[in-house]
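A.B. asks: Whatever this is, show me its structure:
(one chain, ligands or ions: 1)
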Amino acid sequence: MMPENYMPTARAGQRILFYEKIDSTNVQAKEEAANGASHGTLLVADMQTAGMGRRGRSWESPAGTNLYFSLILRPDFAPDKASMLTLVMALAVAEGMERVKPDELPDNFPMPEIKWPNDIVINGKKVCGILTEMSVQEGAIGHVIVGVGINVQKQAFAPQLVQTATDMETQWGLKAPREELLAHIMAAFEAYYKRFEEKGNLAELREIYNKRLVNLGREVQVLDPQGEYAGIATGINDMGELGVKLADGQMTYVYAGEVSVRGIYGYV
Ligand code: BTN
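C.D. replies: Residues are numbered from 1 along each chain as shown. The predicted structure is shown next:
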């Protein structure tokens, strides 16, 4: 169904494994990686029967509607840098989405934005989630799986998701071609990945990430297991941590692995 090498990339998505139906592309990617799949191998499914979200949640994955994919990476850098790959992919997804939007735009056309660290939102509602998983052997990264789910076409969400989830078609009034969207995302990811790899951090990408950050300058509630607190989000630092200015003017930097943030009045 999906021709290989239609990707405008050197590595990312040059080998594609396509599944009409699978439990989870992340689970399958782990198996492929364990069997030696190379850096850039891309697994794509039309439907998942056990799509996984972050924090043990499930990911709704109906057929014929959305994009579900997992990219296998074999980076040379240290394991503590791997969580930043999720932010790199968030940037790539936002850029890929923008590339399939119509050329002629009304002034109020809603752009894809990033809710730190890695949800993509349009009009404040989530259209994409990213689940990054890593295997470490003897202190080094064996592989990283970056799994992405994008709500592309109009769909009915489960009651508990209706307030926070949406799809591109509902927001934009157009059916984005899934293969084209995927190709744009892979191209953007490869370019951003290179800049990330060169520096070993997000120094080169920080400014462009913060431009897309929906939380920037807004009050956020930090859901820290040690205790919740509120502050104003000031953007990410070179390590991808979110700067939060507290009421007394003090700055804290929030690490994505430990906590999540919510808007004070809702999801963003
Ligand atoms: C989130 O909770 O926001 C992350 C959702 C990630 C979903 C994608 S769909 C493709 C890949 N396979 C999975 O099982 N999960 C990820």
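
A.B. asks: and the longest strand along the chain, anywhere near the ligand?
C.D. replies: Using DSSP state E, we find that the single longest strand of the chain is strand 125-137. Yes - shown here: strand 125-137 in contact with the ligand (Cβ under 6 Å from any ligand atom) through 129-131. Every C-beta, even on glycine, is put in place using the N, C-alpha and C of the backbone.

A.B. asks: out of those, who's nearest the ligand?
C.D. replies: Distance to the ligand, by Cβ to the nearest ligand atom, is smallest for Gly129 among the residues of strand 125-137 next to the ligand, at 2.1 Å.

A.B. asks: if we can go back for a sec, kindly reformat the residues of strand 125-137 next to the ligand as CSV containing pLDDT.
C.D. replies: Shown next, in CSV, are the residues of strand 125-137 next to the ligand (pLDDT from 0 to 100):
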residue, pLDDT
Gly129, 97
Ile130, 97
Leu131, 96
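
A.B. asks: Now do the lengthiest helix in the chain: which elements does it pack against?
C.D. replies: The single longest helix within the chain, with elements called by DSSP state H, is helix 178-199. If you count contacts as 3 or more Cβ pairs under 8 Å, 6 or more residues apart in numbering; DSSP states H and E, helix 178-199 packs onto strand 67-73, helix 84-99.

A.B. asks: ok, now with 10 Å
C.D. replies: strand 42-45, strand 67-73, helix 84-99, strand 140-150, helix 206-212 (3 or more Cβ pairs under 10 Å, 6 or more residues apart in numbering; DSSP states H and E).

A.B. asks: can you redo the residues of strand 125-137 next to the ligand as CSV with distance to Gln171 and neighbour count?
C.D. replies: Below are the residues of strand 125-137 next to the ligand laid out as CSV (distance: Cβ to Cβ, whole Å; neighbours: other Cβ atoms under 10 Å):
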residue, distance to Gln171, neighbour count
Gly129, 16, 22
Ile130, 19, 23
Leu131, 22, 22
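
A.B. asks: Quick check, Gly200 in contact with Ala82.
C.D. replies: No - using Cβ atoms under 10 Å, Gly200 is not in contact with Ala82; the gap is 11.7 Å.

A.B. asks: Of these two, give the one with the bigger neighbour count.
C.D. replies: The residue with more neighbours, out of Gly200 and Ala82, is Ala82; 20 against 13, by other Cβ atoms under 10 Å.

A.B. asks: so who does the more buried one touch?
C.D. replies: 73, 75, 132-134, 136, 141, 143-144, 146, 257 (Cβ atoms under 10 Å, 6 or more residues apart in numbering).
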